[in-house]
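>>> structure here, sequence nowhere to be found:
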């Protein structure tokens with residue numbers, strides 16, 4: 001599918017434009033939260049069931065080869081934000097700062113199927129490896145989740161610099177004790193990914209491993225990522241966990257070591273939500 005063909009196919013695709021509208025909504029929320037300095041953060045959405053399949057193989061000979069293949073993504077289509085794009089720009093003009101990638105049948109290459117109204121060649125976010133690895137993990141999980149949100153939530157990011165909190169179980173216990181909503185909204189807690197150079201394939205693969213069993217992950221000294229049925233749902237997971245982190249830091253800044261919810265109270269919450 002050429003970019004021209006892709007644009008023609010999407011012209012009257014209301015489902016696709018709803019996905020873009022949701023991307024714009026969440027981009028605005030991230031910018032308003034202060035979690036998206038300059039071009040920080042990125043979004044993606046598996047639009048395979050929204051965007052029509054291309055004719056033939058769908059990936060031209062000049063497609064971009066990946067360092068390793070993702071068989072789970074074979075033949076699929078992902079909406080991704082553009083390299084260098086700012087969330088405040090995506091909020092105002094999503095079809096200028098997003099594009100659709102079409103993957104080869106074996107998941108080893110991708111080509112730009114649609115680049116919106118952007119000028120020049122569309123380049124996906126530099127953190128594409130993380131999105132690919134996480135979408136692949138979602139397919140292995142047979143999950144209905146299609147959306148990925150990566151951002152820099154201030155308080156969660158601050159906690160990731162605390163040398164005492166290098167254990168995911170300990171961190172989740174602290175966060176769940178601070179705010180009942182974390183138990184209700186994110187019952188499995190978050191995964192903790194040790195620091196790796198952002199944008200590298202190694203970091204992407206580590207993110208994919210983390211999301212094999214979680215819907216939220218905190219990337220040490222970097223940011224957080226969440227998955228959901230839609231962009232808003234993924235955003236809500238990070239927002240909830242960051243609220244707990246903010247409460248913890250507010251207590252500590254006031255000189256208090258918070259009591260938090262007891263184990264019995266947390267168990268009661270889990271039973272109520274079961």
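The structure has been received and is ready for your questions. Keep in mind that what you see is a predicted model, and the values were worked out from it rather than measured. Numbers count the residues shown, from 1 in each chain.

>>> CA only for contacts and neighbour counts going forward, please
Will do.

>>> tell me how far residue 123 lies from residue 248.
Here residue 123 is placed at a distance of 39 Å from residue 248 (C-alpha to C-alpha, to the nearest Å).

>>> ok, residue 157 next?
Counting by C-alpha to C-alpha, the gap from residue 157 to residue 248 is 13 Å.

>>> could you list the low-pLDDT ranges of the stretch 151-274 of the chain?
274 (pLDDT under 70).

>>> am I right that residue 200 is in contact with residue 129?
Yes. Between residue 200 and residue 129 there is a contact at 7.0 Å, judged by C-alpha atoms under 8 Å.

>>> coming back round to it: ok, residue 123 and residue 248, which is more surrounded?
Per other C-alpha atoms under 10 Å, whichever of residue 123 and residue 248 has more neighbours is residue 248, with 22 against 18.

>>> in what helix or strand does residue 126 lie?
Per DSSP states H and E: residue 126 is located in neither a helix nor a strand.

>>> what about it, how many residues nearby?
Counted with other C-alpha under 10 Å, residue 126 comes out at 15.

>>> what's it in contact with, if anything?
83, 199 (C-alpha atoms under 8 Å, 6 or more residues apart in numbering).

>>> what's the answer for residue 37, then?
residue 31.

>>> any idea how far residue 30 is from it?
9 Å.

>>> scan the chain for its longest helix.
As assigned by DSSP state H, the longest helix anywhere in the chain is helix 231-253.

>>> in that one, what counts as buried?
Within helix 231-253, the residues that count as buried by 16 or more other C-alpha atoms under 10 Å are 231-249.

>>> pretty sure residue 94 is in contact with residue 21, am I right?
Yes. Residue 94 lies in contact with residue 21 (C-alpha under 8 Å); the separation is 7.3 Å.

>>> and those two? Which one has more around it.
Neighbours were counted for residue 94 and for residue 21 using other C-alpha under 10 Å; residue 94 has more, 27 against 19.

>>> list of residues touching the longest helix of the chain?
22-23, 25-26, 147-149, 153-156, 159, 175-176, 178-179, 181-182, 185-186, 216, 224-228, 257-258.

>>> in ChimeraX, how would I select just the buried ones from the residues you listed?
Of the contacts of helix 231-253, the buried ones go into a single ChimeraX selection, burial set by 16+ other C-alpha under 10 Å:
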select :22,23,25,26,147,148,149,153,154,155,156,159,175,176,178,179,181,182,186,216,224,225,226,227,228
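
>>> out of the contacts of helix 231-253, list just those in helices.
22-23, 25-26, 154-156, 159, 175-176, 178, 181-182, 185.

>>> ok, so of these, who is nearest residue 82?
Distance to residue 82 across those (C-alpha to C-alpha) is lowest for residue 23, with 12.5 Å.

>>> roughly how far does that closest one sit from residue 162?
Residue 23 is 32 Å from residue 162, by C-alpha to C-alpha.

>>> which parts of the stretch 101-250 of the chain are strands?
Ranges of strands within the stretch 101-250 of the chain are 109-114, 147-151, 191-193, 216-219, 223-228, based on DSSP state E, counting those that start in this stretch.

>>> what's the pLDDT at residue 57?
You'll see residue 57 listed with a pLDDT of 51.

>>> over to residue 53?
For residue 53, the predicted pLDDT is 81.

>>> ok, it - how many residues close by?
17.

>>> I'd assumed residue 28 was in contact with residue 88.
Yes. Using C-alpha under 8 Å, residue 88 is in contact with residue 28, at 6.0 Å.

>>> neighbours of residue 68, how many?
11.

>>> no more questions from me, cheers.
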